[in-house]
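Novice: need a structure here:
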Amino acid sequence: MRVLLSCFLMLSLLGPGLCLGAGEGVLSFRPLRENLYLQQGRWGNNLLLVLGFEALLVDTQYEARAESIRQAAQALSGAALRFVVNTHWHRDHTGGNEYFAREGAVIVAHENVRNRLGRDQRVAFFDMDVPASPPAALPSVTFSRYLSLHLGAERADLIHLPEAHTDGDAMVFFRNQKVLHLGDVVSGEGYPFIDPGTGGTSDGMLAAVDRILALADEETILIPGHGHPFDIRALKGYRYMLRTVRDRIAVLIAAGRDLEAVLLAEPTREFDERWGQGGLKPREFVGLLFEELSRD
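Specialist: All right, here's what the predicted structure looks like:
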């Protein structure tokens, strides 16, 4: 049985312009901490680090949104965009790459992001094909485990989170400000999508959250790829939800239950009020985890 993906989430992964419509509103950045600004909107969260005449942007949303992001950043500071960082390969985080590269920015990401953007991809769980990005959209600087980018006295640490949401996830840690951009390893809107077709796993997601918790403290602001910012207490609640639902489904699979029986057991029941209102609905999240764990 195939659990159907919500239309909004599926279109979000497909890329340039497919989800965009009229009435998107004016995009703007707001101050978050010193030298650091947040754009929080329907199509994703961007961080902008500004120091003097240079800036660094985290994620680029879709191609159709790139010009609006550039205008908002220039209205804020007038600084030239030196670096663009992708937190992973999905098009709602990389669709504006080509635009910003042509504007002179250096695109930086994990090496698996470049590999996946450079070839046709298949998001197998949703029977969806994603064509390769144009060469200009590919990151020109890549890393395997860890990379630091510097703008004067400011520093952004890029840390690979293996086999989590995808195989190319990177969190971006602004150490001076105690701010972490987490990409889609953490969902602020609802149940998280784990992309098993491009290297994502629930164990990797849990390991990634543990690594974030090891870096964060009570003062740290945690920015998910979509939705409202987290604090460390909220992240612990997210981890508890993910661990609990995953373990419940694993136990049911070990007992020989099929997907219909697992759905009837309602393994997400006490979490649905908080996490079931986003793009990925409870039945879809259970189906995603069931398909992954059934292969173990």
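Novice: Show me the strands in the protein, by range?
Specialist: For the chain, strands defined by DSSP state E occupy the ranges 30-33, 36-41, 44-51, 54-58, 80-85, 106-110, 121-123, 128-130, 141-143, 146-151, 154-161, 169-174, 179-181, 221-223.
Novice: who does the first one touch, helix- and strand-wise?
Specialist: Right, strand 30-33. strand 36-41 (3 or more CB pairs under 8 Å, 6 or more residues apart in numbering; DSSP states H and E). To be clear about C-beta, it is placed using only N, CA and C from the backbone, and glycine gets the same treatment.
Novice: quick one: contacts of the strand it packs on?
Specialist: Identification of contacts with strand 36-41 by CB atoms under 8 Å, 6 or more residues apart in numbering yields 25, 27-32, 45-50, 69, 72, 76, 174, 177, 179, 223, 228-229.
Novice: For the stretch 101-250 of the chain, give me the ranges with low pLDDT.
Specialist: In the predicted model, the stretch 101-250 of the chain carries no residue with pLDDT under 70.
Novice: Mind naming the longest helix for this structure?
Specialist: Counting residues, the longest helix found in the chain (DSSP state H) is helix 232-254.
Novice: Which parts of that one count as buried, going by neighbours?
Specialist: 232, 235, 238-239, 241-242, 245-246, 248-250, 252-253 (16 or more other CB atoms under 10 Å).
Novice: ditto for stretch 34-41
Specialist: So stretch 34-41, judged by 16+ other CB under 10 Å, has buried residues 35-41.
Novice: min pLDDT across these, which one?
Specialist: Within the buried residues of stretch 34-41, residue 41 has the lowest pLDDT, namely 85.
Novice: Was I right to think residue 245 contacts residue 265?
Specialist: No. When contacts are counted by CB atoms under 8 Å, residue 245 is not listed as touching residue 265 (11.0 Å).
Novice: How about the contacts made by residue 117?
Specialist: 89, 94, 97, 132-133, 137-139.
Novice: re earlier: okay, the buried residues of helix 232-254 in TSV with distance to residue 217 next?
Specialist: Shown next, in TSV, are the buried residues of helix 232-254 (distance: CB to CB, whole Å):
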residue	distance to residue 217
232	7
235	11
238	17
239	16
241	22
242	21
245	27
246	26
248	30
249	32
250	31
252	36
253	37
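Novice: From the residues you listed, pick the one nearest residue 58.
Specialist: residue 235 (18.1 Å; CB to CB).
Novice: roughly how far apart are that closest one and residue 62?
Specialist: Residue 235 sits 27 Å away from residue 62, going by CB to CB, to the nearest Å.
Novice: cool, residue 77 as well?
Specialist: 23 Å.
Novice: ok, these two, which is more surrounded?
Specialist: Legend: neighbour count by other CB atoms under 10 Å for residue 77 and residue 62, higher for residue 62 (24 against 18).
Novice: Now do the phi/psi pair for the closest residue to the more buried one other than its chain neighbours.
Specialist: Using CB to CB, 6 or more residues apart in numbering and skipping residues adjacent in sequence, the residue nearest residue 62 is residue 95, 3.8 Å away. Backbone torsions of residue 95, given as degrees, to the nearest 10, read phi -60, psi -30.
Novice: who are the neighbours in contact with the nearest residue to residue 257 once chain neighbours are set aside?
Specialist: Closest residue in space to residue 257, ignoring its immediate chain neighbours: residue 265 at 7.3 Å, by CB to CB, 6+ apart. Neighbour list for residue 265: 248, 252, 257 [criterion: CB under 8 Å, 6+ apart].
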